[in-house]
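Colleague: Whatever this is, show me its structure:
(one chain, ligands or ions: 1)
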Amino acid sequence: MTDQPPPDAVRADRVSAVPDRSTLRLALVVGGLILAVLLGFGLGRTGGGDPTTAVGYDSALADHTHAPGTGAHQHGADQGLAAEVTGLSVSAAGYTIAPSAVDFAAGRPGELRFQIRDAQRRPVTRFAVVHDKPLHLIVVRRDLTGYQHLHPTMAADGTWSVPLTLPQPGSWRAYADFTALADDGRRTAVTLGTDLVAAGDYDPRPLPAATTSTTVGGFTVDYQGSPQAGVSVPLTFRITGEGGRPVALERYLGAYGHLVALREGDLGYLHVHPEPALVDGAVRFWVTVPGSGRYRLYLDFQVAGAVRTAEFTLDAP
Ligand SMILES: [Cu+2]
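Modeller: Sure, this is the predicted structure:
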């Protein structure tokens, strides 16, 4: 690039502020070939406007692609950057999770209390109801065992609280999944994560082998679907009772199931979009894995008033 005109010279041509003829001629010769590269570089150098934001927004939308032949599908109101994991930080998009304490005695009933604070460190008190709740709290040990899906209640001052028992010693991860409502009505979907601690001897379990079938509470849960990096693909779960008899699934959190996917290694939290209606008696979700790796899937479903969680290890190519 050292023998070529700087990007600003090409841009200068376009606004008729030509520095000198030889620079312009050279720019015209090479410009057609390298314009795209220079334009991108030049935008970054101008500092005017906010082209970076516009580019980021477009690419975020482009990330949200669907596999060919899968047809249209509905998204919940919580659609975010579908190909990115979240929940890796205590602070994102101007919001911060602030727990009042993170130490628990293993196996003893305790309480988790926290606030969500905005960029001015004020507690947030307005949340959109998504999947029937203003805030979903997921708690899991760092070896991906001990999954819990809880719904804390909020006091008027923005302090959330929920009874919580961490049954085994170890380092645990808590995710707050919510959509904050700003004063101007802006909605921001965020998942923040923070570690919790239960002191004692930590006996980590290896992740079980990948499977598409499991049992829980006398039910068999199978799924079909093959996640691909960066593509939104359907995962369709079928739940059967004894002898393979179909069961009467009940609505839970505004759909016939609730699916959470966590990535092994960093415990990144994936956004998953449920189909609101059953598909031939099965529950369908749209999942985008950001890359190859192993993930743990947690499917909450409700039968006869009781919620159960089916767990799977998923090995994405
Ligand atoms: Cu929830």
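Colleague: ok, A282 to D132 distance?
Modeller: To D132, A282 is 21 Å away according to CB to CB, to the nearest Å. Where C-beta positions appear, they are placed from N, C-alpha and C, glycine not excepted.
Colleague: Give me the more crowded residue out of these two.
Modeller: Using other CB atoms under 10 Å, the more surrounded residue of A282 and D132 is A282, with 20 against 13.
Colleague: hang on, that one packs against L235?
Modeller: No: if you go by CB atoms under 8 Å, A282 and L235 don't touch, sitting 9.9 Å apart.
Colleague: got the contact list for stretch 261-270?
Modeller: Stretch 261-270 has contacts (CB atoms under 8 Å, 6 or more residues apart in numbering) with 85-88, 138, 140, 142, 144, 173, 175, 177, 191, 193, 207, 260, 272, 287-290, 293-298, 314.
Colleague: Pull the distance from it to the chain's centre.
Modeller: Chain-centre distance of stretch 261-270: 9 Å, with CA atoms, centre = their mean, to the nearest Å.
Colleague: Show the contacting residues for the closest residue in space to A174 that isn't next to it in sequence.
Modeller: The shortest distance from A174 to any non-neighbouring residue, by CB to CB, 6 or more residues apart in numbering, is to V139 (5.0 Å). Taking CB under 8 Å, 6+ apart, we find V139 in contact with 112, 146-148, 150, 164, 166, 172-175, 196.
Colleague: Just confirm G243 is within a helix.
Modeller: Yes: checked against DSSP: H, G, I helix; E, B strand; the rest coil, G243 lies within a helix.
Colleague: burial of it, as a residue count?
Modeller: G243 has 6 neighbouring residues, counting by other CB under 10 Å.
Colleague: Kindly state the pLDDT recorded for G254?
Modeller: The model reports G254 with a pLDDT of 86.
Colleague: Whatever helix or strand T214 lives in: what's the following helix or strand?
Modeller: Element membership of T214, judged by DSSP states H and E, is strand 213-216. Next in sequence after strand 213-216, counting helices and strands by DSSP H and E, comes strand 219-224.
Colleague: got a list of contacts for that following strand?
Modeller: 212-215, 235-241, 244, 247, 297, 299, 301, 303, 308, 310, 312.
Colleague: let's see it at 6 Å
Modeller: 212-214, 235-240, 310 (CB atoms under 6 Å, 6 or more residues apart in numbering).
Colleague: Could you name the helices and strands sitting against the helix or strand just after it?
Modeller: Toward the C-terminus, strand 219-224 is succeeded by strand 231-240 as the next helix or strand (DSSP H and E). Where contact means 3 or more CB pairs under 6 Å, 6 or more residues apart in numbering; DSSP states H and E, strand 231-240 is packed against strand 219-224, strand 283-287.
Colleague: who does the longest one pair up with?
Modeller: Applying DSSP bridges to the sheet, strand 219-224 is found paired with strand 213-216 (antiparallel), strand 231-240 (antiparallel).
Colleague: Please convert those to a markdown table, extending it with mean pLDDT, mean neighbour count and distance to Y95.
Modeller: Formatted as a markdown table, those follow (pLDDT from 0 to 100; neighbours: other CB atoms under 10 Å; distance: least, CB to CB, whole Å):
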| stretch | mean pLDDT | mean neighbour count | distance to Y95 |
| --- | --- | --- | --- |
| strand 213-216 | 97 | 13 | 34 |
| strand 231-240 | 95 | 20 | 25 |
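Colleague: nearest to G94, of those strands?
Modeller: strand 231-240 (26.6 Å; CB to CB).
Colleague: Please state the offset of that closest one from the chain centre?
Modeller: 17 Å.
Colleague: Okay, now the sheet partners of the helix or strand that comes right after it, with direction.
Modeller: With elements assigned by DSSP H and E, the helix or strand that comes after strand 231-240 is strand 249-250. Paired neighbours of strand 249-250 in the sheet (DSSP bridges): strand 293-303 (antiparallel).
Colleague: Touching the strand it pairs with from outside, list them.
Modeller: With CB under 6 Å, 6+ apart as the test, strand 293-303 has contacts from 144, 147, 149, 237, 239, 247, 250, 252, 257-264, 307, 309-316.
Colleague: Now list the buried members of those residues.
Modeller: For the contacts of strand 293-303, a neighbour count by 16 or more other CB atoms under 10 Å gives the buried set as 144, 147, 149, 237, 239, 247, 252, 257-264, 309-314, 316.
Colleague: Can you list which of the residues you listed are found in helices?
Modeller: Among the buried ones among the contacts of strand 293-303, no residue falls in helices (DSSP state H).
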